[in-house]
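K.L.:
My questions concern the predicted model and sequence given below.
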Amino acid sequence: MQTVPSGAPTASTSAKPATSTKTDATSSNLPGATPSTDASAAATAQMSDYKGLPYETIITAWLSQHGIAGDVAEGARNTTLYQLAREMRYIMDFNVETMVQAIPRWGLSEEEARAAIQSAVSSPRGTQMPRSLETLLSQCQAAQASAAGGDVPQTDPSPLPAKLPPLLDKVVKLHPRFPKAALLASLPALGTLLSHLRSTYADGSEQSPIFFTVVQAPQASGKSFARRLTDWLMAPLQENDALERLKEQEYKEQIKRMKNVKELPAPPKVKIRSLPASTSNRVLLERADKAAPLALFTFAEEIDTIVRGNSAGAWAAKYDIYRMAFDGAKWGQDYAADNSYSAEVELRYNLLFLGTPLAVQKFFKRVEDGMASRFMLAQLPDTRGEALQRSVRLTVPEKNKANAVIKQAFEEGSTGELITITLSKTLRALDVWQMQRIAEYNLDPDNIALDILRRRSAVLGFRAAMVAWWLSGKQETDEVVEFAVWVASEVLQQQLVGFGEEMNRIERESMELLKQHSEKARSGRNARLFRELPDTFSKGDVVAARTRMGRGGECSYVISRWMKAGLIEESKVEKNHYRKITKEEKENEEIQK
């Protein structure tokens with residue numbers, strides 16, 4: 001019997017009051033703060049806030065956002081201070097003295113703290129404030145205005161659409177405190193039920209409703225809502241899986257009782273699609289093969305379970321599997337052992353993980369490996385210090401109607417009969433949305449993460465439209481289009497907050513290394529030879545130049561090195577000719593990538 005989640009809290013309370021607005025650096029309430037001298041405190045008092053927001057308030061909010069309350073563990077203090085200083089430098093005028101007085105030390109000496117802050121201030125930076133810091137400041141300003149009894153400014157960069165498709169509106173009703181997180185958390189389950197849908201995206205690729213979502217929040221902040229939401233949406237599938245698992249278990253018991261029988265009965269054809277977090281690659285392949293062309297689903301209450309499970313043995317290489325599953329790519333293995341499973345499938349896999357900020361950070365250990373752009377981040381507000389809110393329930397007619405929709409989605413989706421749909425209005429709307437993001441990037445070319453992340457955000461918006469299309473009576477209504485654009489906007493916003501600054505840092509450092517490598521190649525042993533050649537040249541030109549310089553005529557390895565260094569490319573106009581690449585061309589090419 002289906003049940004509607006009953007633990008969703010009621011209407012939102014007002015934002016929590018801002019922390020103390022004291023500006024005297026000697027009386028800071030920040031954890032780890034160290035009293036300063038009278039002279040330095042007087043100097044810092046002249047720069048103790050950013051546009052009316054005390055540094056203490058901003059730093060406390062940043063620490064809370066990163067799951068830090070109280071002291072920082074020994075061994076992580078220097079790193080935490082460095083990361084904090086990298087962002088605070090934008091609002092502290094890149095002033096090391098101000099930062100030394102304002103930023104807590106957590107037991108580090110002033111000399112150690114100063115060295116970390118100096119390193120952070122000197123590290124590569126963009127020309128504008130990071131998007132994550134802008135969002136944090138907006139939240140602090142809203143909290144300060146609320147605490148003062150004033151009007152809270154509208155700073156939401158991706159407000160919810162006025163009207164949502166059926167069932168999705170009930171998801172929001174059940175979770176008024178965090179409707180956005182609830183919507184993003186619902187998509188992996190709904191995508192699993194409706195994984196028989198297919199649609200062609202703007203680039204010609206075939207898409208299916210595959211979603212990876214991570215719900216992020218500090219401990220005891222209400223992440224468990226996702227379990228109740230998932231149990232509700234996945235009830236028909238989970239009930240069917242239980243019956244299938246029973247068949248599988250009965251067969252195993254039967255085999256145990258038939259040890260001396262030569263011809264064993266064929267195993268039952270079971271289709272189990274909801275898998276636990278601890279699932280080996282062998283079992284995953286078998287489940288995917290038997291469920292194809294439909295998607296599998298995994299819910300992990302703690303993302304730490306996934307991190308530990310992916311480290312070694314039969315559980316290894318899950319990150320690669322996730323990347324392939326997001327795109328419905330082929331994955332498989334072919335082993336001769338009797339206890340192995342050999343197959344190749346187009347893997348489709350929906351994921352919903354929960355975790356604290358620090359645990360989520362461990363999962364996304366390398367933001368440039370493609371995992372960060374595939375996951376939707378659902379950030380819950382910090383509810384520490386607030387009273388427990390009563391749950392919201394659907395009326396009996398609403399509950400019955402919603403359960404009927406969920407059952408219909410499961411029954412239609414479980415047949416395995418694929419349905420191809422056309423979403424032309426959604427494609428046009430997302431095209432406009434992407435052009436707007438490109439315009440933003442052109443105004444701030446240092447924000448490379450914006451141009452990288454907006455691409456898959458648009459794909460996720462398109463996939464969300466596939467779910468909304470079915471829920472809207474298989475019609476591409478205005479609500480479907482608006483929901484798609486909202487998903488793209490919200491996913492991009494949360495990814496920029498979570499990964500943008502680190503991604504930009506890595507991209508800047510990569511471009512700097514490439515520039516240094518290129519300059520080194522241009523000033524090496526063959527630098528004079530390179531300079532003497534025309535902008536377009538042949539292998540014969542290189543041989544002739546080397547002969548004039550009193551060197552051997554063999555030059556294939558020289559041309560190969562220049563090609564690898566990005567100094568030349570094969571001419572598209574003249575056969576067997578090469579063209580020099582200017583520094584400007586190379587830098588522009590890297591930016592476009």
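P.N.:
That came in fine, so what should we check first? Numbers count the residues shown, from 1 in each chain.

K.L.:
hang on, I91 packs against D49?
P.N.:
No. Counting by CB atoms under 8 Å, D49 is not a contact partner of I91; they are 9.2 Å apart. Heads up, the C-betas are built off the backbone N, CA and C, glycines and all.

K.L.:
Those two: who's more crowded?
P.N.:
Between I91 and D49, counted using other CB atoms under 10 Å, I91 has the larger neighbour count: 21 against 16.

K.L.:
how about the nearest residue to the more buried one, chain neighbours excluded?
P.N.:
Distances taken as CB to CB, 6 or more residues apart in numbering put Y50 closest to I91, at 4.1 Å, once the chain neighbours are dropped.

K.L.:
What are the neighbouring residues in contact with that neighbour?
P.N.:
Contact analysis of Y50 by CB atoms under 8 Å, 6 or more residues apart in numbering lists 58, 91-92, 137.

K.L.:
Give me the lowest-pLDDT entry from those residues.
P.N.:
For the contacts of Y50, the weakest pLDDT value sits at L137, with 86.

K.L.:
and that residue, how many neighbours does it have?
P.N.:
By the criterion of other CB under 10 Å, L137 has 21 neighbours.

K.L.:
where's it relative to I91, distance?
P.N.:
Going from L137 to I91 by CB to CB, to the nearest Å gives 8 Å.

K.L.:
Residues that sit against both of these two, list them.
P.N.:
Common neighbours of L137 and I91, using CB under 8 Å, 6+ apart, are 50, 58.

K.L.:
what mean pLDDT does stretch 160-170 have?
P.N.:
Across stretch 160-170, the average pLDDT comes to 94.

K.L.:
For that stretch, C-alpha coordinates in PDB please.
P.N.:
What follows is stretch 160-170, C-alpha atoms only, in PDB (Å, rounded to 0.1, in the frame of the first residue of the first chain):
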ATOM      1  CA  LEU A 160      10.200  28.600  -8.600                       C
ATOM      2  CA  PRO A 161       7.700  28.800 -11.500                       C
ATOM      3  CA  ALA A 162       4.300  30.100 -10.500                       C
ATOM      4  CA  LYS A 163       2.700  26.900 -11.600                       C
ATOM      5  CA  LEU A 164       4.200  23.400 -11.600                       C
ATOM      6  CA  PRO A 165       3.100  20.300 -13.500                       C
ATOM      7  CA  PRO A 166       0.900  17.800 -11.700                       C
ATOM      8  CA  LEU A 167       2.500  15.700  -8.900                       C
ATOM      9  CA  LEU A 168       5.400  18.100  -8.800                       C
ATOM     10  CA  ASP A 169       3.200  20.600  -7.200                       C
ATOM     11  CA  LYS A 170       2.300  18.100  -4.500                       C
END
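
K.L.:
quick one: contacts for S340?
P.N.:
By CB under 8 Å, 6+ apart, the neighbours of S340 are 282, 333.

K.L.:
Distance of it relative to T298?
P.N.:
Plainly put, S340 is 22 Å away from T298 if you go by CB to CB.

K.L.:
Likewise for R579?
P.N.:
50 Å.

K.L.:
repeat for S208
P.N.:
For S208, the distance to T298 - CB to CB - is 17 Å.

K.L.:
Then V100?
P.N.:
Distance of V100 to T298, computed by CB to CB: 46 Å.

K.L.:
Then N400?
P.N.:
As judged by CB to CB, N400 and T298 stand 29 Å apart.

K.L.:
cool, and R428?
P.N.:
Distance from R428 to T298, by CB to CB: 34 Å.

K.L.:
Of those two, which one has the most company?
P.N.:
Using other CB under 10 Å, the more surrounded residue of R428 and T298 is T298, with 21 against 12.

K.L.:
I'd say that one and L352 touch.
P.N.:
Yes. Contact criterion CB under 8 Å: T298 and L352 qualify, at 7.4 Å.

K.L.:
I'd like the next helix or strand past the helix or strand containing A372.
P.N.:
According to DSSP states H and E, A372 maps onto helix 371-374. Downstream of helix 371-374, the first helix or strand assigned by DSSP H and E is strand 375-379.

K.L.:
and E344, what does it touch?
P.N.:
Residues in contact with E344 (CB under 8 Å, 6+ apart) are 330-332, 334.

K.L.:
ok now do the nearest residue to T305 once chain neighbours are set aside, which residues does it touch?
P.N.:
Of all residues not flanking T305 in the chain, A277 sits nearest, at 4.6 Å (CB to CB, 6+ apart). A277 makes contacts with 298-301, 305-306, 309, as judged by CB under 8 Å, 6+ apart.

K.L.:
any idea whether A277 is helix, strand or coil?
P.N.:
Secondary structure assignment for A277 (DSSP: H, G, I helix; E, B strand; the rest coil): coil.

K.L.:
From the contacts of A277, which land in helices?
P.N.:
305-306, 309 (DSSP state H).

K.L.:
how near is I272 to E411?
P.N.:
Distance of I272 to E411, given as CB to CB: 17 Å.

K.L.:
more neighbours, the two?
P.N.:
When I272 and E411 are compared for neighbours, I272 comes out ahead with 20 against 12, by other CB under 10 Å.

K.L.:
how about the more buried one, what does it touch?
P.N.:
By CB under 8 Å, 6+ apart, the contact set of I272 is 241, 244-245, 248, 287, 290-291.

K.L.:
ok, which stretches of the stretch 401-550 of the chain are helices?
P.N.:
With DSSP state H, counting those that start in this stretch applied, the stretch 401-550 of the chain shows helices at 424-443, 448-471, 478-495, 501-522, 527-532, 539-548, listed in chain order.

K.L.:
about what we covered before: from the ones in helices among the contacts of A277, which single one is nearest A468?
P.N.:
For the ones in helices among the contacts of A277, the minimum distance to A468 (CB to CB) is 28.2 Å, reached by I306.

K.L.:
which residues sit in contact with the closest one?
P.N.:
Applying CB under 8 Å, 6+ apart, one finds that I306 lies in contact with 277, 300, 318, 353, 363.

K.L.:
Out of these, grab the one that's most surrounded.
P.N.:
Going by other CB under 10 Å, F353 tops the contacts of I306 with 26 neighbours.

K.L.:
in what helix or strand does that residue lie?
P.N.:
According to DSSP H and E, F353 maps onto strand 349-355.

K.L.:
for that strand, packing partners?
P.N.:
helix 179-193, strand 212-216, helix 225-233, strand 296-300, helix 303-309, helix 318-326 (3 or more CB pairs under 8 Å, 6 or more residues apart in numbering; DSSP states H and E).

K.L.:
Below-threshold pLDDT in this protein: ranges please.
P.N.:
Residue ranges of the chain with pLDDT under 70: 1-47, 69, 126-127, 146-156, 311-317, 336-339, 382-388, 513-525, 552-554, 583-593.
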